[in-house]
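1. sequence and predicted structure are below.
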Amino acid sequence: MANQEIQNRFASTLPGMAGLYFSDMVKSADVEVSRYSSLKLVAPYVNAMQERSLGRALRGAAIILCCFAGARNEYLNALYEKPMPKGVREVSDFRVLISQMLGQFGDRVVNSVGQLQLDYLSGLIYQLFLNADEHGSYDISGNRYETAMRGLAVRHTIVDKNGVYGADNPLQAYLTKLLLTEDVSSREQDGKVHLIEISVFDTGPGLGLRWLAAKKGAQSYQDISLKEEEEAVQTCFEKHASTKASQLMGQGLSQALWAMKKLDAFMSLRTGRLSLYQDLTRKETAEFRPVQRYPNQSMPPIAGTGYTIYFRVK
């Protein structure tokens, strides 16, 4: 494969976009490429995002809307009413957007989500993106990031009994449950299940560190124990808050939980040194309370926070 083609393919993926954006220099096939030259390869995809040309926003079975701090098109029209931090569109706009993104994968995907479910699903995504807008724009001292990312992604995956998620035992168990309980009439002839993943992400400080920076002045993960971080993230989850009151507090939050349960959803959260999940197919689920995804493993810290909601296409 030619060097230019390799670079183009790399620039068309979310990890590739992130790598090119945060790197000072890129080396491909022993050829050094400047950051400026590399980012020019990303520009057509960002332009497609700005124009709401969702089908051209990423290669493969995924759609991405990603905001790059400092970029000319940082504040994507699909996500922002005003080109500024906290200029995020209204929840009604997100309902239309989520429906459009799902629609890129066909009528079957759209029809698998009921109208009330779509209301509360889009409401939850909206609240998560409000957090991403803040966390992905400002550091724990309130200073604007010069380089940072935040965004929303929707992906369509087809899985079978062998799964596609490696050693992720909770997600594998969830997929196995779907395969065992899926109606034959709604399953593909080869026994595979169609899965939708909706992710909201940012490259900010992470939920726990931001919370504890405000509460006790923590400046890095070295200042807090893993237990403190987990307790802080759980507090954020219970309040469904960063620093602002949520429109999904109280009855709204319970309705969002109802929507997730009706979708037979699985939700994961990766932030700081934590990887958490909650399987919403369990009958006893009555509140948002994620647990450790890899209880016997030490997770390396990451920048930012990423939520992913998985549900099957019926």
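-> Great, that's in hand.
2. all strands of this protein, in order?
-> 25-28, 31-34, 62-68, 149-159, 193-202, 266-271, 274-279, 291-292, 305-312 (DSSP state E).
3. neighbouring strands - and their directions - for the shortest one?
-> Within its sheet, and counting by DSSP bridges, strand 291-292 is paired with strand 274-279 (antiparallel).
4. again with the fifth one
-> Here strand 193-202 is paired, per DSSP bridges, with strand 149-159 (antiparallel), strand 305-312 (antiparallel).
5. returning to what we had before: to Glu229, which of the strands of the chain lies closest?
-> In terms of Cβ to Cβ, the element of the strands of the chain nearest to Glu229 is strand 274-279, at 6.3 Å. Any C-beta I mention is one placed from the backbone N, CA and C, and that applies to glycine too.
6. got the contact list for that closest one?
-> 170-171, 173-174, 208, 226, 229-230, 233, 266-270, 285, 288-294, 299 (Cβ atoms under 8 Å, 6 or more residues apart in numbering).
7. what would the strands of the chain look like in CSV with distance to Gln115?
-> Shown next, in CSV, are those (distance: least, Cβ to Cβ, whole Å):
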stretch, distance to Gln115
strand 25-28, 45
strand 31-34, 48
strand 62-68, 21
strand 149-159, 18
strand 193-202, 17
strand 266-271, 21
strand 274-279, 24
strand 291-292, 31
strand 305-312, 16
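8. make a markdown table out of those and add mean pLDDT, mean neighbour count and distance to Met49.
-> Shown next, in a markdown table, are the strands of the chain (pLDDT from 0 to 100; neighbours: other Cβ atoms under 10 Å; distance: least, Cβ to Cβ, whole Å):
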| stretch | mean pLDDT | mean neighbour count | distance to Met49 |
| --- | --- | --- | --- |
| strand 25-28 | 72 | 13 | 21 |
| strand 31-34 | 74 | 12 | 23 |
| strand 62-68 | 93 | 23 | 5 |
| strand 149-159 | 91 | 21 | 9 |
| strand 193-202 | 91 | 21 | 14 |
| strand 266-271 | 93 | 22 | 23 |
| strand 274-279 | 92 | 21 | 28 |
| strand 291-292 | 88 | 13 | 34 |
| strand 305-312 | 92 | 23 | 18 |
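9. follow-up on the earlier one: let's have the strands paired with strand 193-202 in a markdown table, adding distance to Val193.
-> As requested, the strands paired with strand 193-202 are exported to a markdown table (distance: least, Cβ to Cβ, whole Å):
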| stretch | distance to Val193 |
| --- | --- |
| strand 149-159 | 6 |
| strand 305-312 | 6 |
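10. minimum distance to Ala259: which of those strands has it?
-> strand 305-312 (9.9 Å).
11. okay, the angle between that closest one and strand 266-271?
-> Orientation of strand 305-312 against strand 266-271 (axes from the mean of the first three to the mean of the last three Cα atoms, to 10 degrees) gives an angle of 170 degrees.
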